[in-house]
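1. Okay, here's the prediction I keep looking at, along with the sequence it came from:
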Amino acid sequence: MNVKVEKQFQVSAFFTFFLIHSSQTGVGILNFQSQVIKHAEQDAWISLIITWAATHIILYIIFKLLGGGTNDLVAVHQYCFGKAIGSIMSVMALVYFWLASLTVLRAYIEVIQIWVYPSIKTWQLCIVFLLTFYYIISSGFRSLTGFSFWGVILPAFLFFLIYFPLMHANYIYLLPAFSHSLSELFFSSKGYALLFLGFEWILMYYPFLKSSNNRDISKWAYLGNIYTLIVYLIITLISFLYFNQEVLQHLPWPTLMMVKIVKFSFLERFEYVFIFIWLLVIISPICISLWACTRIVKRTFSIPPKATLLFLLIAEMIVSVYLQEFKSVDYLVNFTSNVGIGFVYVYLPLLLIIKWIKNHFMKNRLNKI
C-alpha cells in the first residue's frame with residue numbers, strides 16, 4: 001500500500017525541517033498572548049513547553065503510522081478501515097485541512113483590513129492571494145518546498161527587532177514563577193495548541209521526502225518542531241516582559257503592538273513592513289494544506305489536482321467574503337482550533353491503536369494459515 005513517488009518530484013529529507021516549521025507558523029503568532037495568559041498568567045511559558053512536548057509525541061506517533069507499508073494518511077485509513085470507510089475518513093481529514101488554510105487566509109486578511117487598508121474589500125484581497133496560491137501549488141511540491149524554505153529564512157531576520165521591546169522590559173512581570181497548578185497550565189496549553197498545528201500535513205507529503213534512511217526524515221522533523229518552540233518561547237517571554245498581565249489580557253494584537261515601537265530614521269510605521277513580510281510566512285501553511293487536500297482527492301477519487309485546487313480556492317473565496325464581521329472570523333479560528341486539537345491530539349493516537357490491533361489481527365490470521 002506504499003505510495004511510490006518518482007525521484008524528480010521528491011525533495012531531500014533536510015527540507016523536512018523547513019516544511020514542519022513553516023507549517024506551524026502563521027497568523028496566530030501575532031495575537032496568541034491574550035489567549036494563553038488567561039489561566040496560567042506569567043507561567044504560561046511553561047504551558048508552551050507542555051504543548052511542544054505533546055506535539056513531539058504526536059510526531060512520533062505519526063512516524064509510527066507511516067511505517068509498515070502505509071506511507072500516507074489515505075493508505076493508513078484504507079488499511080485500518082477498508083476502502084469505503086477509509087475514503088470517508090480521508091475526506092473528513094480533507095475538510096479539516098481545508099478549514100486550516102481558510103482560517104489562516106481569513107485571519108491574515110483581517111490583519112490587513114485592521115492595520116493597513118481599512119477600506120479594502122475582502123474579495124479584492126482574496127483574488128490577489130488565491131491567484132498567487134494557485135500558481136504556487138500548481139507548480140508542484142518542489143516549488144512549494146522552496147517557498148517554505150524562504151518563508152523560514154527571510155523572516156528570521158526580524159528577530160533582531162526584539163532589541164526594541166527589550167529596552168523597556170520589566171522582569172518583575174515574570175514573578176512569581178511556578179505559582180500555578182497543573183490544571184491551570186494544561187488549560188493554558190490549549191491556547192498554544194493552535195500555534196503548533198500544521199505539522200500533521202506530513203501525513204500526506206511524507207512520500208515526497210527522499211531519504212535512504214527514514215530516521216533522517218524524523219530527525220529533521222523533530223528539529224523543526226524544536227525550532228518552533230524556540231521561536232514561540234522567545235516571543236512569549238518578550239511579550240510577558242514588555243506588557244503587564246492586565247494589559248496583555250485585553251490587547252488584541254500584542255506582537256504587532258511591540259513591532260509598532262520600532263523606529264528608524266528612514267522609516268515610519270515599521271509594522272506595515274512587518275505585516276507584508278509576514279505574507280511570506282503564511283503562504284506556506286495555506287499552500288501546504290491546500291496541496292494536501294488535492295493529494296487526498298487524487299489518491300481517493302483519481303481527480304486531477306488542478307481541478308480540485310480550483311474548486312477549493314473558489315470555495316475559500318466564497319466563505320471568506322461571507323465572513324465579514326470580525327466576530328465571525330474569531331469563531332472560525334476557535335472552531336478550527338478545536339477541530340485541529342481533536343484530530344491531532346485525540347484521533348491520531350486512536351488511529352495508531354487501531355493500526356496496532358489490525359496488525360495483531362493480521363499476524364494471528366497468517367499464523368493460523
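-> Thanks, I have it. Computed from a prediction, not measured in an experiment: that's the story for all the values here.

2. Quick one: low-confidence residue ranges for the stretch 151-300 of the chain.
-> For the stretch 151-300 of the chain, the stretches flagged by pLDDT under 70 are 212.

3. what ranges do the helices span in it?
-> 163-166, 182-196, 202-205, 214-242, 245-249, 254-259, 270-277, 279-301 (DSSP state H, counting those that start in this stretch).

4. Just put these in TSV and tack on mean neighbour count.
-> The C-beta positions use only the backbone N, C-alpha and C, and glycine is treated the same way. Shown next, in TSV, are those (neighbours: other Cβ atoms under 10 Å):
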stretch	mean neighbour count
helix 163-166	14
helix 182-196	20
helix 202-205	24
helix 214-242	19
helix 245-249	14
helix 254-259	21
helix 270-277	16
helix 279-301	23
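
5. now those as a markdown table including distance to residue 79?
-> Formatted as a markdown table, the helices of the stretch 151-300 of the chain follow (distance: least, Cβ to Cβ, whole Å):
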| stretch | distance to residue 79 |
| --- | --- |
| helix 163-166 | 50 |
| helix 182-196 | 27 |
| helix 202-205 | 13 |
| helix 214-242 | 18 |
| helix 245-249 | 47 |
| helix 254-259 | 42 |
| helix 270-277 | 43 |
| helix 279-301 | 13 |
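
6. closest one to residue 81 among those?
-> helix 279-301 (12.6 Å; Cβ to Cβ).

7. What residues of the helix or strand just after that closest one count as buried?
-> Following helix 279-301 in sequence order, the next helix or strand is helix 305-322 (DSSP states H and E). For helix 305-322, burial by neighbour count (16 or more other Cβ atoms under 10 Å) applies to 305, 308, 309, 312, 313, 316, 317, 319, 320, 321.

8. Repeat that for stretch 102-119.
-> 102-113, 115.

9. Relative to residue 94, how far out is the nearest residue in space to residue 138 that is not next to it in sequence?
-> With Cβ to Cβ, 6 or more residues apart in numbering as the criterion, residue 138 has its nearest non-adjacent residue at 5.6 Å, and that residue is residue 306. Between residue 306 and residue 94 the computed distance is 16 Å (Cβ to Cβ, to the nearest Å).

10. what does residue 20 give?
-> With Cβ to Cβ as the criterion, residue 20 and residue 94 are 20 Å apart.
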